[in-house]
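>>> sharing a model that was predicted from the sequence below.
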Amino acid sequence: MHLIVKGMIIGLSIAAPVGPIGVLCIRRSLAEGRQVGLATGLGAATADALYGCVAGFGLTAVSDFLIGQRLWISLTGGLFMCFLGIRTFTSKPVECAAEIRKGGLLPAYTSTLLLTLSNPTTVLSFIAVFASLGLTVSGGYSAAVAFVIGVFTGSALWWLLLSSGVAIFQGRVSPGWMQTINRLSGSVIIIFGVYSLSRLFR
């Protein structure tokens, strides 16, 4: 049980800082409702759990491969983030409502899963949090599984709280305000994407 709690602490620590996924979750929760916002967050939580597997199971070969290929993975992730930001910036509130009626849960989940997986340095974030909190995973596969469950639970709990809290204001936001939120969110995501790409040339 203590490993699950440790995993939850790390999951919350990784998920809570506001980044492009947080902005996307807030925007989708306002535009398309709590379910789509939660699906967005769960995509990130799944990616966190997968990277937690790398840390928890000690898969150094996988970690080394991801870090070794981070140039191409980060390039793909940066371009995808820019594309997502432009699409968010140019989207209209009415079109967003139509998208959810067509079944926007899976695309919301998949897009954030891919976006989070496109950042292999998340593995380094797990290692950094491990070191700062003095955490270790020992006890074989069962202990590692418990840890990964904790990571997913902690991350998912954050996205549940965020999407539910933001969705409270959904009915109070006018189309004009929603258009402004789309443009602000899109701009922030584009900035994150451009920043990610700029780091490749340093």
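Right, received. Where do you want to start? On a predicted model such as this, the values are computed, not experimentally measured, just so you know. Numbers count the residues shown, from 1 in each chain.
>>> what about the one helix or strand Ala45 maps to, distance to the chain center?
Assigned by DSSP states H and E, Ala45 falls within helix 34-56. Centroid separation between helix 34-56 and its chain, computed with C-alpha atoms, centre = their mean, to the nearest Å, is 6 Å.
>>> next, the buried residues of it.
Buried residues in helix 34-56, defined by neighbour count with 16 or more other C-beta atoms under 10 Å: 34-56. C-beta: built from backbone N, CA, C; applies to glycine.
>>> list the contacts of Trp72.
Trp72 makes no contacts at all, as judged by C-beta atoms under 8 Å, 6 or more residues apart in numbering.
>>> separation between the residue nearest the centre of the chain and Val151?
Closest to where the C-alpha atoms of the chain average out (C-alpha atoms, centre = their mean) is Ala44, at 3.2 Å. Applying C-beta to C-beta, to the nearest Å, the value for Ala44 to Val151 is 12 Å.
>>> got it, and Pro20?
From Pro20 to Val151 the distance is 20 Å (C-beta to C-beta).
>>> more neighbours: which of the two?
Val151 (31 against 25; other C-beta atoms under 10 Å).
>>> the more buried one against Gly7, yeah?
Yes - Val151 is within contact range of Gly7, at 4.3 Å (criterion: C-beta atoms under 8 Å).
>>> which helix runs longest in the protein?
Secondary structure of the chain read by DSSP state H shows that its longest helix is helix 141-167.
>>> and the strands in the chain?
With DSSP state E applied, the chain shows no strands anywhere along its length.
>>> low-confidence stretches in it?
1, 18, 55-56, 58-67, 70, 93-103, 120-140, 202 (pLDDT under 70).
>>> show me what contacts the residue lying closest to Ser164 once chain neighbours are set aside?
Spatial nearest neighbour of Ser164, chain neighbours left out: Arg34 (5.6 Å); criterion: C-beta to C-beta, 6 or more residues apart in numbering. Residues counted as contacts of Arg34 (C-beta under 8 Å, 6+ apart) are Ser163, Ser164, Val166, Ala167, Gln170.
>>> picking that back up, which residues does the residue nearest to the centre of the chain contact?
Ala44 neighbours (C-beta under 8 Å, 6+ apart): Ala15, Ile21, Cys25, Thr112, Leu113, Leu115, Thr116, Ser155, Trp159.
>>> what is the burial count for the last one?
Burial measure for Trp159: 25 neighbouring residues, criterion other C-beta under 10 Å.
>>> so what's the closest residue to it other than its chain neighbours up against?
Residue nearest to Trp159 in three dimensions, not counting chain neighbours: Gly41, with 2.3 Å by C-beta to C-beta, 6+ apart. By C-beta under 8 Å, 6+ apart, the contact list for Gly41 reads Ala15, Ile21, Cys25, Thr112, Ser155, Ala156, Trp158, Trp159, Leu160, Leu162, Ser163.
>>> mind putting those residues in CSV, distance to Leu75 included?
Converted to CSV, those look like this (distance: C-beta to C-beta, whole Å):
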residue, distance to Leu75
Ala15, 24
Ile21, 19
Cys25, 24
Thr112, 19
Ser155, 25
Ala156, 29
Trp158, 28
Trp159, 27
Leu160, 32
Leu162, 29
Ser163, 30
